[in-house]
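Participant: any chance you can model this:
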Amino acid sequence: MYQFFVEPGRINTHDRSVTIFGPDVNHIKNVLRMKPGEEIAVSNGQDGKEYRCGILAVEEDRVICELRFIKEGNVELPSRVYLFQALPKADKMEMIIQKAVELGVYEIIPVAAKRCVVKLDGKKEAGKLVRWQGIAEAAAKQSKRAIVPNVTQVSGFCQAVERAAGMDVRLIPYELAEDMAKTRRLLEGIGPGQEIALFIGPEGGFEESEIRLALERGLEPVTLGRRILRTETAGMTVLSWIMYLLEE
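Facilitator: Numbers count the residues shown, from 1 in each chain. Reported below is the predicted structural model:
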């Protein structure tokens with residue numbers, strides 16, 4: 001079943017109507033070629049509910065639907081995971097965003113670490129953010145998420161560390177860290193309702209000065225095993241572990 005996201009005001013539970021505007025109208029009409037009577041799922045991106053709807057009419061600028069029932073089961077993880085991802089080379093960020101959304105991440109914060117090769121000026125960053133947010137939305141639809149994770153503006157490392165200061169669990173995989181038992185203990189200790197900050201370095205890793213700052217601010221350095229993982233692999237590894245431990 002196809003899923004779409006709408007603004008909360010487009011779902012009217014009183015008269016049991018749902019209206020879809022924007023690019024999804026063209027997708028429904030000209031790509032999927034859906035007709036009245038077919039069923040779709042709609043989410044407002046906020047309450048975690050899935051609204052099952054039947055299409056009543058496909059018009060030029062909107063799709064009018066009838067609300068059939070509300071599925072209360074929440075598909076979201078019981079904890080919010082914030083991925084602080086250092087900017088990788090080429091188009092790796094797009095894949096990272098896509099897979100992170102599939103694995104249940106709550107928010108993605110691109111980080112301009114010192115060893116990042118990619119440097120974005122204001123104009124390039126604005127274009128990238130639009131592209132990245134579109135990828136997050138597409139991945140949320142494909143994986144039937146109840147929300148569309150936000151991709152924030154690019155943050156400096158110091159700013160990112162301060163942003164994570166109030167979170168319950170703060171992890172920074174580090175190639176010189178040891179003790180896999182500690183990694184297991186920290187991950188297994190994550191409980192429902194907690195906020196988790198996960199910092200992933202760029203190609204070449206974080207600089208020593210960044211690691212020192214992270215340790216001073218209370219981030220926990222952890223090992224991901226005896227092998228060195230690529231930046232696009234490290235985050236997915238930890239997110240997979242967290243999903244496995246938190247899913248009921």
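Participant: from here on, contacts and neighbour counts on C-alpha atoms
Facilitator: Will do.
Participant: pLDDT on stretch 181-193, on average?
Facilitator: The average pLDDT for stretch 181-193 rounds to 95.
Participant: run the chain-centre distance for it.
Facilitator: Centroid separation for stretch 181-193 versus its chain: 20 Å, with Cα atoms, centre = their mean, to the nearest Å.
Participant: got the CA positions of that stretch in CSV?
Facilitator: C-alpha atoms of stretch 181-193 as CSV (Å, rounded to 0.1, in the frame of the first residue of the first chain):
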residue,chain,number,x,y,z
ALA,A,181,31.8,-5.3,26.4
LYS,A,182,31.5,-1.5,27.2
THR,A,183,29.9,-0.9,23.8
ARG,A,184,27.4,-3.7,24.5
ARG,A,185,26.7,-2.4,28.0
LEU,A,186,26.0,1.1,26.8
LEU,A,187,23.7,-0.1,24.0
GLU,A,188,21.8,-2.6,26.1
GLY,A,189,21.3,0.1,28.8
ILE,A,190,19.3,2.3,26.4
GLY,A,191,15.6,2.5,27.5
PRO,A,192,12.3,3.7,26.0
GLY,A,193,11.9,7.4,26.0
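Participant: going by neighbour count, list what's buried in it.
Facilitator: 183, 187, 190 (16 or more other Cα atoms under 10 Å).
Participant: residues making contact with it?
Facilitator: By Cα atoms under 8 Å, 6 or more residues apart in numbering, the surrounding residues in contact with stretch 181-193 are 78, 79, 80, 169, 222, 223, 224, 241, 242, 245, 246.
Participant: buried ones among those residues?
Facilitator: Neighbour-count burial (16+ other Cα under 10 Å) applied to the contacts of stretch 181-193 gives 78, 79, 80, 169, 222, 223, 224, 242, 246.
Participant: and the furthest pair within those residues?
Facilitator: 78 and 223 (24.3 Å; Cα to Cα).
Participant: list the residues that contact residue 229.
Facilitator: Counting by Cα under 8 Å, 6+ apart, residue 229 touches no other residue.
Participant: who's in contact with residue 147?
Facilitator: Residues in contact with residue 147, defined by Cα under 8 Å, 6+ apart, are 43, 44, 45, 46, 48, 140.
Participant: including distance to residue 116 and secondary structure, could the residues you listed go into a markdown table?
Facilitator: Formatted as a markdown table, these follow (distance: Cα to Cα, whole Å; DSSP: H, G, I helix; E, B strand; the rest coil):
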| residue | distance to residue 116 | secondary structure |
| --- | --- | --- |
| 43 | 36 | strand |
| 44 | 35 | coil |
| 45 | 32 | coil |
| 46 | 33 | coil |
| 48 | 35 | coil |
| 140 | 27 | helix |
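Participant: from those, which would you call buried?
Facilitator: 43, 44, 45, 48, 140.
Participant: closest to residue 31 among those?
Facilitator: Using Cα to Cα, the buried ones among the contacts of residue 147 come closest to residue 31 at residue 140, 18.7 Å.
Participant: just give the closest residue to the closest one, not the sequence neighbours.
Facilitator: Residue nearest to residue 140 in three dimensions, not counting chain neighbours: residue 148, with 5.7 Å by Cα to Cα, 6 or more residues apart in numbering.
Participant: pretty sure that neighbour is touching residue 136, no?
Facilitator: Yes: the pair residue 148 and residue 136 passes the contact test of Cα atoms under 8 Å, sitting 6.5 Å apart.
Participant: give me the more crowded residue out of the two.
Facilitator: Taking other Cα atoms under 10 Å, residue 148 and residue 136 do not tie; residue 136 has more neighbours (28 against 25).
Participant: wait, residue 67 touches residue 52, no?
Facilitator: Yes: with contact defined as Cα under 8 Å, residue 67 counts as touching residue 52 (6.2 Å).
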